[in-house]
Each structure stands twice: as structure tokens, then as C-alpha cells.
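Participant: Can you look at this prediction? I've put the sequence above it.
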Amino acid sequence: FDIALDFLDQVVAMRPDYAEGWNRRATVHFMMQNYAKSMADIEQTLELEPRHFGAIAGMAQIFKARGNKQMAFDAYQRVLEIYPMMRNAQNEVATLSEELAGESI
């Protein structure tokens with residue numbers, strides 16, 4: 001992970017306007033379970049490319065990992081507005097919808 005982060009740090013320093021550099025670094029931070037840094041990079045990605053469905057899906061995964069099912073559900077819904085055929089997002093919306101309905105009983 002350290003080598004990947006060093007490389008991606010250079011990418012975002014050299015091309016701060018390149019959304020995918022930020023998104024890839026967010027992915028590495030996520031894999032390291034450093035959710036705060038991942039979320040910061042996701043926010044930068046979305047500032048540069050608001051319809052980056054991969055970044056929004058990453059945000060949803062962080063919300064879910066932190067136990068915030070409603071925010072995860074909302075983020076996956078945003079993904080489906082952009083990319084309706086994303087199977088993982090479809091599955092997560094179905095699962096989270098059932099879980100959230102069960103919690104309100």
C-alpha cells in the first residue's frame with residue numbers, strides 16, 4: 001500500500017485536476033481502512049467529477065462499514081441514478097432497503 005500511496009500522491013500533486021487520481025488514492029485508503037482519508041479523496045473526486053459513480057459507490061461502502069445504513073442506501077441510490085445497471089449497487093439497495101424496513105418496525 002505504501003508504494004501505491006507514494007505513486008498516487010505524486011499523481012494528485014502533478015495533476016490535481018485529474019479526478020481518477022484522487023479516486024484511486026481513495027480506494028487505497030479504503031483498502032487500508034483509513035476511511036477519513038478515503039472520504040476526503042472521494043469528496044475531491046466528486047468536486048472534479050460529480051457523476052463519478054465509482055466514487056459515490058466507495059462513499060456508500062464507507063457509510064455501510066461505519067454502520068450508517070441510511071446514508072449508504074442514499075449513496076447507492078445516487079449511483080443508480082447515474083448508472084442504473086450497476087449490479088452491486090442494485091443488490092446493496094435491495095439489501096439495505098430490507099434492513100432499514102426491518103429496523104423501523
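Facilitator: Right, received. Where do you want to start? Numbers count the residues shown, from 1 in each chain.
Participant: can you pull the contacts of the most centrally placed residue in the chain?
Facilitator: Nearest residue to the geometric centre of the chain (C-alpha atoms, centre = their mean): G58, 1.7 Å. By C-beta atoms under 8 Å, 6 or more residues apart in numbering, the contact set of G58 is N23, A26, T27, F30, S38, I42. From N, CA and C alone the C-beta is placed, and that goes for glycine too.
Participant: could you redo the last one with a cut-off of 6 Å?
Facilitator: The contact partners of G58, by C-beta atoms under 6 Å, 6 or more residues apart in numbering, come to A26, I42.
Participant: V12 now?
Facilitator: Contacts of V12 (C-beta under 6 Å, 6+ apart): G21, W22.
Participant: 8 Å - rerun?
Facilitator: Going by C-beta under 8 Å, 6+ apart, V12 touches Y18, G21, W22, R25.
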